[in-house]
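Enquirer: 3D model of this:
(2 chains)
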Amino acid sequence: MHPTRRELIHMGLGTSTLLACGPTVPLFLARSASALADERATAPRSRVLVVVQLDGGNDGLNTLVPFRDDEYRKRRPKLQIATGEVRKIDDHVGLHPALEAFSKLLEHERLAVVQSVGYPNPNRSHFESMAIWQTARLDADAASSGWLARAIDRQPGPEGDAPGLHVHDTFPLPRALAGGRHVIPSLARLEQFRRRLGVPEGFDPALQAKALDRLAQQSHGEPGSLLQFVERCSLITYASSARLERLQGDPKAATSRYPDFYGLARRLQLIAQLIKAGLTTSIYYTQLDGFDTHSGQLPSHASLLRQLGASLEAFLGDLDQSGEAERVLVLIFSEFGRRLAENASGGTDHGTAAPVFLLGRSVKAGLHGPYPDLTRLEDGDPRHAIDFRAVYATLLDRWLGIPSRDVLSAGFEPLPLLRG
Amino acid sequence: MLRSTISSPWARYEPRPDDPWDLHKVAHLHRRADWGATRAELVRDMEAGPDRSIERLFQPAQPSIEELEALDGLRRTARTSSNLDLLKVCWLNRLLHGLDPLREKLTLFWHGHFATSNKKVESVALLDRQNETLRTHALGGFAALLEAMIADPAMLVWLDGGTSRKEKPNENFAREFLELFTLGAGHFTEPDLREAARAFTGWVRQDARGSFRETPVFVHDPTQVDNQPKTFLGQTGPWGPSDIVRITLERPQAATFLACKLYRAFVSEASEPGPELIEPLAGEIRRHTFAIGPIVEIILRSRHFYSQAAYRQRIKSPVEYSAGLVRMLEVPRAALNPLALSAACDAQGQELFAPPNVEGWTGGPAWINSGTLLERTNWAADIIWGRPENGLAPFDPLAWAKRANVVPNRAAAALLDLLLQSDLGEEPRQLALEAGRDGSPDSLRKTIQRIVNCSEFQLA
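Expert: Next comes the predicted model:
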C-alpha cells in the first residue's frame, strides 16, 4: 500500500521530512496518489483474487444437485438430497440446502456456477490431482511451480506489500503460490502482520514504539539504490500495520458479523481486513479441509457446506459495507468431485469433474457450462466439459490482466463468466 | 601487463591514509565472507590488517574430536528421524559455531546454485549427503564439484538423472547443467543439450525393482551408458560426463557465467556488472582453472570489493540476517532454541533444503516485502527481548558488555559499532544512542532494537 501524502503527514512525516527525501519524493507521491485514485476504479492493479481451496475432493453432485436426474436418484439411494430440500436454480439443478447463503448470493447476482469442470485423463489421487490444479500442469512433478506464482512473476516487481498472501494456521504454503521468484508469506493471525515490540510493560513500550515508527520513516537512500528500496518497504510496512491497527480499533469496521466459530470465516475476515487496509496484495489464498467424505457423508458434508456458505456470505457482506466489493473476486475449487455411485459406508469415493464457483459483484451470475451427463460415464464418473485452465485463463486475462498464455503455456479461450 | 593488473578492479586493496583499513571494512568483509563479526573479531582484524584477516578465513582451525562427534550425532539423528528441521538445525549450528564459516557461506552459495529441494527428493539422508559434498568441494575445483553433482543421489532424483538410460536419455539434468549450472541460456543449442543428456546416461535406481528402500540407491550401470560418439559444443567423441564438464568449461562463457554469479553473491546485487568488471574476473577464473577458493580470495582482497560499489550493496538473505544477528551478538547456545532460528528463516522465505525452484532463491529485493520485513524485525525482537514459548531467552547486554570490556553506559555506542558501524543517519543514530544512555539491560535492549530496525541493517 502506498501511503497518501495526507497519511504521511498524519503519521508525523512533516513537510520537512518529505523535502529531505530529495528528488525521489515527487515520483513516490505521484505514484501514491495515482494508486489511491485507482482504489475505487477497476484498474487491474487494484483488483483482488481470493482463492478458497476445498481440500479432500468436494462432492459436486451433492453440492450442485441434479435433482431431476433418475441416474442420480438411482445411484445415490441413501445420499440423495430430496427434491423438496434442494434450493433450485433451474429445472435441472439446485444447491444443497446447507448452501442457502449461496442461493441468496445467486439472487443478488453475486454467484456464478461453472458446471462439469475438470481435465483430461483425470487423476484420482488427492495429492496428484491437487498438484495438477495448483500448477495448472497435467504433467506436474514436485518441481513444477504454481500457476499463481507464475502469474505473480509476470506482474511488475515488488512494491512493498507481498504480491500474494496465504492465510491459514496449519496448512503450509500451497503449491499454487510456490516456486516463483517472490517470497509469498503465509500467515495465520493478524498478529503476524503486526510488529512485535517485545518491550515489557513498565519499560515505556510506547516510547520505543514511537522510536521504531520514526526509524521506519527515514529516507537516506540514493534514488534507485537498495537502501531506498528497503526504506520504502519499511514505510509501506509501517503504514500497512498502522492502518490495520486503526481498522481494528474502528467500531464501524466491527459491525459486519462473521460466524467466527468457523475457521474459514475467521480466515476470510482476516483477508477482508488486509484488503480494507489497502495492501497492494492482489492474490489471497485459503483452504477449507474435510471434504474427503468416504463415510457418513450426509452430516459432515452438510456442515462443511454450511460453513462455506455462511463464511462467504459474511465476507462479501463485509466487502459491500466497506466499499471494496467491486475489486474482489472469489474462486472456489476442489481437486476433484466424487463418484456418482455412493459406497457402502454412506460415503462417496474419489471422482472427477465438479462445479467451480466464482463470487463477487463482477460475475455473470447463474449457471455456466453443461449439466453433467450422468448417463455417459467414464470409469463411473461424469466426464468433464470445461477445462479448469479455461477458468484460470478467464481470471488471468479478464480479471487480473495477466496474459494467460504466458502463465498456462497454452491458449485457453476465456469463458464469459465475468461482466463487462 | 603491469599496468593492466594495477588498473584492474580486482587488483589488491592496499590500505592508504585516505582509504584506511577500518571498522567499516572489517565488518564488511565478515558480512560477506561469513555471518557477521563478533566484537572480538572486529577488534582482532582491525589490528591484523587485511592480509592476515583474509588469510585467516582460508586457514581455519581444525575442530576438536568432541565437536566432530557432536556434529555426527546430530546428523545421524536428523537422518534416522527423517526430520528435515533437524538437518536445518545441524547446518545452522555449523554456520553459527563452526570454525570454518567461509566454507559454510560457500556451501550455502552452492546450495542456491544447484537448488536441490526436499520437496521432490524426499530424503533427509540424501540431502545431508549432498550438503556434505557441497561443503567438501565448496572452495575446491569447479570441475570436481560439477562431476560430484552429476553423480549425487539427491541431484539424480531432483533432475531425473537417476532414470536416464541410453535408450531414453532424460534431458532435465542436461538442460539445467548447461542453462543454470555452467553457461546460461542462449549459450548452447538444443542438439548440444541432447548430446550432453546422452553422455549423462547410465544411472539405475536399485529400489525400482520391487525391493522397497527408504533411501534411493543409484548404481552406474555400464550397459545403460550411451558410449556412441556425440558432438557436443562442436567437439566429437565418445564423451562421458567428465568430458562434458571439460568441454563446457573450455567455453569462455563458462568463466563469465560463474563470475557473474560470484559477483552477485559476494560483491553487489545493486546493478548488473558490466564487462569491465566481469571479464577481468572471468579471466582470473580461467587463469586459476576454476579453482573456487583462489577466486573468492581475489574478490575478498580486491580494491573493488572495498569500494562504494560493493559496500552495503546486497540485501541480507534470511539466513544471513537471522543467524547473523545471533552470531554478532554472541547469543549463548543455551539462550537460543535453534529450531526457532530455522523456523524464522523459513518464515522469511529461505527454507534450507527447499529452495523454491531450479533457479534457487532469487535474492536481492525479492526477499523483502511488508510480510517478510515484519518477520525479520519480529525475529530481532524475539532475540532481544526473549520469547520463552519459542525457547528464546532475553539477550543479556550486560554480560556482553562485560565480555567486551565496555562499561555499561558506553555499551550503546559499542553495540552500534558492532551491528551497524556508523552507517546510519543522524536521527537514527541519536535514537539508538539515547535509548541506552543509562546502561541498564532494558535500555540497551532498546538500543539494539532501534539499530536493527534501521533499513541499513537489512543490507550486507
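Enquirer: and the helices in chain A?
Expert: A:5-10, A:15-20, A:24-38, A:70-75, A:100-107, A:126-135, A:147-153, A:205-215, A:226-249, A:263-276, A:297-321, A:388-394, A:404-408 (DSSP state H).
Enquirer: mind listing what's buried in the helix or strand hosting B:Gln130?
Expert: Here B:Gln130 sits within helix B:124-137, counting by DSSP states H and E. Within helix B:124-137, the residues that count as buried by 16 or more other CB atoms under 10 Å in any protein chain shown are B:124-131, B:133-135, B:137. For every residue, glycine as well, the C-beta is placed using N, CA and C.
Enquirer: among these, which ones lie close to chain A?
Expert: Near chain A, judged by CB under 8 Å from any CB of the partner chain, there are no entries from the buried residues of helix B:124-137.
Enquirer: in a markdown table, list those residues along with pLDDT.
Expert: Output for these, formatted as a markdown table (pLDDT from 0 to 100):
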| residue | pLDDT |
| --- | --- |
| B:Val124 | 96 |
| B:Ala125 | 96 |
| B:Leu126 | 97 |
| B:Leu127 | 98 |
| B:Asp128 | 98 |
| B:Arg129 | 97 |
| B:Gln130 | 98 |
| B:Asn131 | 98 |
| B:Thr133 | 98 |
| B:Leu134 | 98 |
| B:Arg135 | 98 |
| B:His137 | 98 |
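Enquirer: thinking again about what came up before, deepest-packed of the helices of chain A, please.
Expert: Stretch with highest mean neighbour count among the helices of chain A: helix A:147-153 (a mean of 26; mean count of other CB atoms under 10 Å in any protein chain shown).
Enquirer: now it: average pLDDT?
Expert: For helix A:147-153, mean pLDDT rounds to 96.
Enquirer: then stretch A:247-263?
Expert: 78.
Enquirer: low-confidence regions, the stretch 301-420 of chain A specifically.
Expert: The stretch 301-420 of chain A contains no residues with pLDDT under 70.
Enquirer: can you pull out the strands in it?
Expert: Taking DSSP state E, counting those that start in this stretch as the criterion, the stretch 301-420 of chain A carries its strands at A:328-334, A:354-359, A:366-368, A:377-378, A:381-382, A:386-387.
Enquirer: likewise for chain B?
Expert: B:203-205, B:218-220, B:230-232, B:235-237 (DSSP state E).
Enquirer: mind giving me TSV with those strands and columns for mean neighbour count and mean pLDDT?
Expert: Compiled in TSV, those are given as follows (neighbours: other CB atoms under 10 Å in any protein chain shown; pLDDT from 0 to 100):
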stretch	mean neighbour count	mean pLDDT
strand B:203-205	19	90
strand B:218-220	15	92
strand B:230-232	20	98
strand B:235-237	12	98
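Enquirer: doesn't A:Ala176 make contact with A:Gln134?
Expert: Yes: contact criterion CB atoms under 8 Å: A:Gln134 and A:Ala176 qualify, at 4.0 Å.
Enquirer: B:Asp152 and B:Asp128 touch, don't they?
Expert: No: B:Asp152 lies out of contact with B:Asp128 (CB under 8 Å); the separation is 11.7 Å.
Enquirer: quick revisit: could I get the helices of chain A as CSV with distance to B:Asp18?
Expert: Formatted as CSV, the helices of chain A follow (distance: least, CB to CB, whole Å):
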stretch, distance to B:Asp18
helix A:5-10, 40
helix A:15-20, 29
helix A:24-38, 30
helix A:70-75, 86
helix A:100-107, 72
helix A:126-135, 56
helix A:147-153, 45
helix A:205-215, 32
helix A:226-249, 24
helix A:263-276, 51
helix A:297-321, 61
helix A:388-394, 60
helix A:404-408, 52
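Enquirer: for the stretch 201-350 of chain B, which residue gets nearest to chain A?
Expert: Closest residue of the stretch 201-350 of chain B to chain A, CB to the nearest CB: B:Gly349 (3.1 Å).
Enquirer: before we move on, what about the stretch 101-250 of chain B?
Expert: B:Lys120 (3.3 Å).
Enquirer: what bridges to the residue most central in space within chain A?
Expert: For chain A, the residue sitting closest to the mean C-alpha position, by CA atoms, centre = their mean, is A:Val50 at 1.7 Å. Under DSSP bridges, the beta-bridge partners of A:Val50 are A:Tyr284, A:Val330.
Enquirer: quick one: residues contacting the residue of the stretch 101-250 of chain B closest to chain A.
Expert: With contact taken as CB atoms under 8 Å, 6 or more residues apart in numbering or on different chains, B:Lys120 is in contact with A:141-143, B:157-158.
Enquirer: for the residues you listed, which one is nearest B:Asp382?
Expert: A:Ala142 (32.3 Å; CB to CB).
Enquirer: tally of neighbours for the closest one?
Expert: Neighbours of A:Ala142 under the rule other CB atoms under 10 Å in any protein chain shown: 16.
Enquirer: distance of it relative to chain B?
Expert: 3 Å (CB to the nearest CB, to the nearest Å).
Enquirer: ok, that residue - contacts?
Expert: Shown in contact with A:Ala142 (CB under 8 Å, 6+ apart): B:117, B:119-120, B:122.
Enquirer: hmm, B:Val89 and B:Pro338 touching each other?
Expert: Yes: between B:Pro338 and B:Val89 there is a contact under CB under 8 Å: 4.3 Å.
Enquirer: what residues are shared contacts of those two?
Expert: With CB under 8 Å, 6+ apart as the test, B:Pro338 and B:Val89 reach no residue in common.
Enquirer: check what pLDDT A:Glu7 gets.
Expert: 53.
Enquirer: returning to that earlier point: measure the residue of the stretch 101-250 of chain B closest to chain A to A:Phe171 for me?
Expert: B:Lys120 sits 19 Å away from A:Phe171, going by CB to CB, to the nearest Å.
Enquirer: give me the neighbour count for A:Phe171.
Expert: Residues lying near A:Phe171 (other CB under 10 Å) number 16.
Enquirer: now the one 5 residues further on
Expert: Applying the criterion other CB under 10 Å, we find 26 residues in the vicinity of A:Ala176.
Enquirer: hang on, it packs against A:Ile152?
Expert: No: at 10.3 Å, A:Ala176 does not count as touching A:Ile152 under the criterion of CB under 8 Å.
Enquirer: if we can go back for a sec, what does the helix holding B:Gln130 contact?
Expert: B:75, B:78-79, B:81-84, B:86-87, B:90-91, B:103-104, B:107, B:110-111, B:114, B:116, B:118, B:121, B:144-145, B:148-149, B:152-155, B:157, B:214-216, B:292, B:353.
Enquirer: and the residue of the stretch 251-400 of chain A closest to chain B?
Expert: Proximity to chain B, evaluated over the stretch 251-400 of chain A using CB to the nearest CB, is greatest for A:Leu279 at 7.3 Å.
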